[in-house]
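Trainee: mind folding the following:
(chains A, B, C and D)
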There are 2 protein chains.
Amino acid sequence: MEHGHQHEHSIERERECVTGVPIFQQLSDDQITSVAKVTRPIHADKGGTVFSAGEVSQTLYIVNQGQVRLYHLADDGHEQVLRVLNPGDFVGEIALFTDEIHGSYAEATATTELCTISRASLTALIKTLPPLALSLLGALAVRLKTAEKQATLLAIPDALPRLAGYLQELSAHRTGTFDLPMSKQDLAAYLGMTPESLSRKLKQLSTKGVLETVGRRQVKVINVAKLAELAPE
Amino acid sequence: MEHGHQHEHSIERERECVTGVPIFQQLSDDQITSVAKVTRPIHADKGGTVFSAGEVSQTLYIVNQGQVRLYHLADDGHEQVLRVLNPGDFVGEIALFTDEIHGSYAEATATTELCTISRASLTALIKTLPPLALSLLGALAVRLKTAEKQATLLAIPDALPRLAGYLQELSAHRTGTFDLPMSKQDLAAYLGMTPESLSRKLKQLSTKGVLETVGRRQVKVINVAKLAELAPE
DNA sequence: CGAGCAGTTGAATGTTATCAACGCCGGTGG
DNA sequence: CCACCGGCGTTGATAACATTCAACTGCTCG
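Mentor: As a prediction, the model looks like this:
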């Protein structure tokens, strides 16, 4: 039957969107299908807007491919990056429980594929799929830990240990030369300093033999021990 | 039967511990009983330690009565408050998914009653009680939002808008004169400044007619509009 | 190949931390 | 109940730090 076939095909597309995402990984085939049924894939070109501040949200967004930059505008027009979403990351979880207005903008920094699930669908899914609830709880717990760690980092008045702490955390899961998750001016705002200060502090670390900056967006940690010394704790 | 009676009595105690806590509130009587069965109440006197940094944790702690101060020690011995737990708040959710070592100390700032649930028990509960999963997800989402908001606050270089933003958030849910959730020296560290700076900035706000400091731990917001002006966004 | 923006460097200014001393409140012990 | 003691909080002066403003370099992308 033509119609039936088309329907199956479209489900296949959604399945692909779901299977690539860690929080759904431990689900069975049948369970993935039930998730896929309520999933709507969306696409965003590089530079495109996924959502804007001020919009009402009742949707969970999960990045499948590409990258999304989450930021909000300060009153002086200056952009403050909140988080960078890589494949598997998601945003909109607060919308699942309260009618919340987006406080931030989401912009694709590369060609990006996302999965969206409405609030009603997700709450229904959670009620019928306990493993999904656990996955989500785990993901939120990890994000919470990250956010709280960042808060304690930012509470450090001096810029150098603040930067060192950030780089230590960042380099912990990578090795050798690695990419910064955002531009240096975004990173500066993220770390609570000006781009000028970041530049100077990076040079300071470079002079001390702690690291080298490679090109525009890469950093190579040379002396992990020295970095740990400069970082808090 | 003597033994049976004793057993029921002890369950009653745990029920009391559970019913007082928001995340369990929407559960039915039967469900509360099943939660109570795996709950272990613990008590901490004022000044007592609930847990210490370095300990392995596989337990969720929920505050029932009293207050718990969560902090960790910087390398210079200086205490950094992460969060203050009031009745209904909980800590240890990360322990539910990974064998994690506590990074912080938990100290009772008043006579405190807590409920504890082991990892195994809670994961089992979540699998059988979907509403509980939703409650937990909601609570984590709220905490996440708070933590991310604090991070963006702390990213502000100037102390005055940082303090103003904090006070605005704090006063939003209260009215008139209200208590600060911690001592001023703790608050200063929490806001990424020195106690001296906090004192000066509070005085500055007082001079501007924005607020008044009452006694040692109370603040009265006089001009909400002015406070909002000084706060970011 | 050119334009524009990210990133760097430099000097001056402003803010904040630091160090030190002091009042003040709260709790403890006589 | 009162007096003492200790820490919290405040105030003042200095110095270090980061921001600011401005000019310049060097990518990168069109």
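Trainee: pull up the residues of chain A that are close to DNA strand D.
Mentor: When proximity is defined by CB under 7 Å from any atom of the strand, chain A lies next to DNA strand D at A:158-160, A:192-194, A:196-197, A:200-201, A:215-216. Quick note: C-beta positions are derived from backbone N, CA and C, even for glycine.
Trainee: so which of these belong to helices?
Mentor: A:159-160, A:196-197, A:200-201 (DSSP state H).
Trainee: how about the residues you listed, which pair is most distant?
Mentor: Greatest spatial distance among those (CB to CB): A:Leu160 and A:Glu196, at 14.2 Å.
Trainee: who does the helix ranked longest in chain A touch, helix- and strand-wise?
Mentor: If you go by DSSP H, chain A has its longest helix at helix A:130-154. Where contact means 3 or more CB pairs under 8 Å, 6 or more residues apart in numbering or on different chains; DSSP states H and E, helix A:130-154 is packed against helix A:29-37, helix A:119-128, helix A:159-172, strand B:79-85, helix B:119-128, helix B:130-154.
Trainee: how about those in a markdown table, adding mean neighbour count, mean pLDDT and distance to A:Leu144?
Mentor: As requested, the helices and strands packed on helix A:130-154 are exported to a markdown table (neighbours: other CB atoms under 10 Å in any protein chain shown; pLDDT from 0 to 100; distance: least, CB to CB, whole Å):
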| stretch | mean neighbour count | mean pLDDT | distance to A:Leu144 |
| --- | --- | --- | --- |
| helix A:29-37 | 16 | 93 | 23 |
| helix A:119-128 | 17 | 92 | 18 |
| helix A:159-172 | 19 | 96 | 15 |
| strand B:79-85 | 20 | 94 | 11 |
| helix B:119-128 | 17 | 92 | 16 |
| helix B:130-154 | 20 | 93 | 5 |
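Trainee: out of these, nearest to A:Leu96?
Mentor: In terms of CB to CB, the element of these nearest to A:Leu96 is helix A:119-128, at 5.2 Å.
Trainee: any residue of that closest one touching chain B?
Mentor: Yes - against chain B, helix A:119-128 shows contacts by CB under 8 Å from any CB of the partner chain at A:123, A:126-128.
Trainee: how far off centre is that helix?
Mentor: With CA atoms, centre = their mean, to the nearest Å as the basis, helix A:119-128 stands 23 Å off its chain's centre.
Trainee: can you list contacts of that helix?
Mentor: Residues outside helix A:119-128 that contact it (CB atoms under 8 Å, 6 or more residues apart in numbering or on different chains): A:34-35, A:38, A:58-60, A:95-96, A:117, A:132-133, A:136, B:130-131, B:133-134, B:137.
Trainee: from DNA strand D, how far out is A:Ala231?
Mentor: Going from A:Ala231 to DNA strand D by CB to the nearest atom of the strand, to the nearest Å gives 14 Å.
Trainee: what residues are up against that residue?
Mentor: Contacts for A:Ala231 (CB under 8 Å, 6+ apart) come out as A:161, A:164-165, A:167-168.
Trainee: could you find the closest non-adjacent residue to A:Val38?
Mentor: The shortest distance from A:Val38 to any non-neighbouring residue, by CB to CB, 6 or more residues apart in numbering or on different chains, is to A:Ser121 (3.7 Å).
Trainee: the one you found and chain B, how far apart?
Mentor: Distance of A:Ser121 to chain B, computed by CB to the nearest CB, to the nearest Å: 14 Å.
Trainee: one more: A:Leu85?
Mentor: A:Leu85 is 13 Å from chain B, by CB to the nearest CB.
Trainee: for the residue lying closest to that residue once chain neighbours are set aside, give the beta-bridge partners.
Mentor: With CB to CB, 6+ apart as the criterion, A:Leu85 has its nearest non-adjacent residue at 4.1 Å, and that residue is A:Val68. Taking DSSP bridges as the rule, A:Val68 bridges to A:Leu85, A:Ala108.
Trainee: hang on, isn't A:Glu169 packed against A:Lys149?
Mentor: Yes - the pair A:Glu169 and A:Lys149 passes the contact test of CB atoms under 8 Å, sitting 7.0 Å apart.
Trainee: who are the neighbours in contact with A:Val68?
Mentor: For A:Val68, the contact set (CB under 8 Å, 6+ apart) comprises A:44, A:50, A:61, A:84-85, A:89, A:91, A:106-109, A:112, A:114.
Trainee: residues in contact with the closest residue to A:Leu230 other than its chain neighbours?
Mentor: Leaving aside its chain neighbours, A:Leu230 sits nearest to A:Ala164 (3.8 Å; criterion: CB to CB, 6+ apart). Applying CB under 8 Å, 6+ apart, we find A:Ala164 in contact with A:205, A:210, A:227, A:230-231.
Trainee: in a markdown table, list those residues along with distance to A:Val18.
Mentor: What follows is these, written out as a markdown table (distance: CB to CB, whole Å):
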| residue | distance to A:Val18 |
| --- | --- |
| A:Leu205 | 42 |
| A:Val210 | 42 |
| A:Leu227 | 39 |
| A:Leu230 | 42 |
| A:Ala231 | 38 |
